[in-house]
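Q: Turn this into a model:
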Amino acid sequence: MSAKRLEFSARAIANMEAIKAHISSDNMAAANRVIAGILSTAGELADFPMMGHPGEIAGIRELSLSKYPYTLIYRLTAEKVLIAAVVHQSMKHRS
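A: Okay, the predicted model is just below:
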């Protein structure tokens, strides 16, 4: 099985920008590490798209990062993994 294409929605990109801005106000190096961790985990989904579990909404999957308190909300198609949102694990979300 070949890797799926990985895409980020505008919402997911905005989520990551907000995460980076929030963390970088205290520690830019930490912000960069968190974003790198999010991107690394998202990259793993291209090869292993079933790593996450089904979400509460049909067609949505969720993958919690083990090192950081964020969850990737994503959708699968035959060709791609679409990261729909990146949310803090303490937040309720809609996809």
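
Q: what does the strand or helix carrying Ser40 contact?
A: Taking DSSP states H and E as the definition, Ser40 sits inside helix 28-47. Applying C-beta atoms under 8 Å, 6 or more residues apart in numbering, the contact partners of helix 28-47 are 3-6, 8, 16, 19-24, 51-52, 63, 65, 67-68, 70, 72, 74, 81, 83, 86. Any C-beta I mention is one placed from the backbone N, CA and C, and that applies to glycine too.

Q: now that helix, how far from the chain's geometric center?
A: With C-alpha atoms, centre = their mean, to the nearest Å as the basis, helix 28-47 stands 8 Å off its chain's centre.

Q: helices or strands next to the helix or strand following that helix in the packing?
A: Once the chain leaves helix 28-47, the next helix or strand it forms, by DSSP H and E, is strand 53-54. Packing contacts for strand 53-54, counted by 3 or more C-beta pairs under 8 Å, 6 or more residues apart in numbering; DSSP states H and E, involve strand 61-64.

Q: Name the strands paired with the strand it packs on and say parallel or antiparallel.
A: Take DSSP bridges as the rule and strand 61-64 pairs in its sheet with strand 53-54 (antiparallel), strand 70-76 (antiparallel).

Q: Can you pull out the low-pLDDT segments for the chain?
A: Scanning the chain with the threshold set as pLDDT under 70 gives 1, 92-95.

Q: Not counting its neighbours along the chain, what's nearest the residue most central in space within the chain?
A: In the chain, the centroid-proximal residue (C-alpha atoms, centre = their mean) is Leu72; its distance is 2.9 Å. Excluding the flanking residues, the one nearest Leu72 by C-beta to C-beta, 6 or more residues apart in numbering is Leu63, at 4.6 Å.

Q: contacting residues for that neighbour?
A: Thr41, Leu45, Met51, Gly52, His53, Thr71, Leu72, Tyr74.

Q: just to revisit the earlier point, separation between the residue nearest to the centre of the chain and Ala14?
A: Taking C-beta to C-beta, to the nearest Å as the measure, Leu72 falls 14 Å from Ala14.

Q: Many thanks, I have nothing further to ask.
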